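1. generate coordinates for the sequence data below:
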Amino acid sequence: MQIASKSVQDKLALEANDFQMIQKEISRSMHSRRQFVQQFSENDMVMKELERIDDEENGVYKLIGPVLIRQDIVEAKNNVGKRLNFIRNETVRIDKLLKVFEIKQETKHKEILELQKKLYSNCAE
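-> Below is the predicted model of the structure:
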């Protein structure tokens, strides 16, 4: 009984470690997702401002190093649109990754509960 209990304790420690690693991955992914959502919001605001500019007279300027360079409005809109599309795709990718991690986390949680039940039943005998 003592050997079986030690084996279950070792498995439980390994599963708990795996569970913590999954939680860290979820935390990192959530942090990345928050950053992408913030970037999306900023770029969406820029796109809305670019949509308000009708004429070529006002123009758009891009900061390159210490110099402001005039940029074509169509080119600026295309660049911001591409950025928005990239950020949208990355957010979707991270969401899918988070779902996978959450499933793994739930599975590990169930495995840990089963091992704890085994450990307690071994101790009770």
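2. going forward, measure contacts between C-alpha atoms and count neighbours the same way
-> OK.
3. the residue minimising distance to the centre of the chain sits in which helix or strand?
-> Most central in the chain under C-alpha atoms, centre = their mean is Ser29, positioned 2.7 Å from the mean C-alpha point. If you go by DSSP states H and E, Ser29 is part of helix 2-52.
4. if we can go back for a sec, the residue nearest to the centre of the chain touches Arg93, doesn't it?
-> No. In this structure, Ser29 is not within contact of Arg93 by C-alpha atoms under 8 Å, at 10.2 Å.
5. could you say what helices and strands the host helix or strand of Phe86 packs with?
-> Using DSSP H and E, Phe86 maps to helix 73-124. Contacts defined by 3 or more C-alpha pairs under 8 Å, 6 or more residues apart in numbering; DSSP states H and E place helix 73-124 against helix 2-52.
6. work out the gap between the helix it packs on and the centre of the chain.
-> Relative to its chain's centre, helix 2-52 lies at 6 Å (C-alpha atoms, centre = their mean, to the nearest Å).
7. run the angle between that helix and helix 73-124 for me.
-> Taking axes from the mean of the first three to the mean of the last three C-alpha atoms, to 10 degrees, one finds that helix 2-52 is oriented at 160 degrees with respect to helix 73-124.
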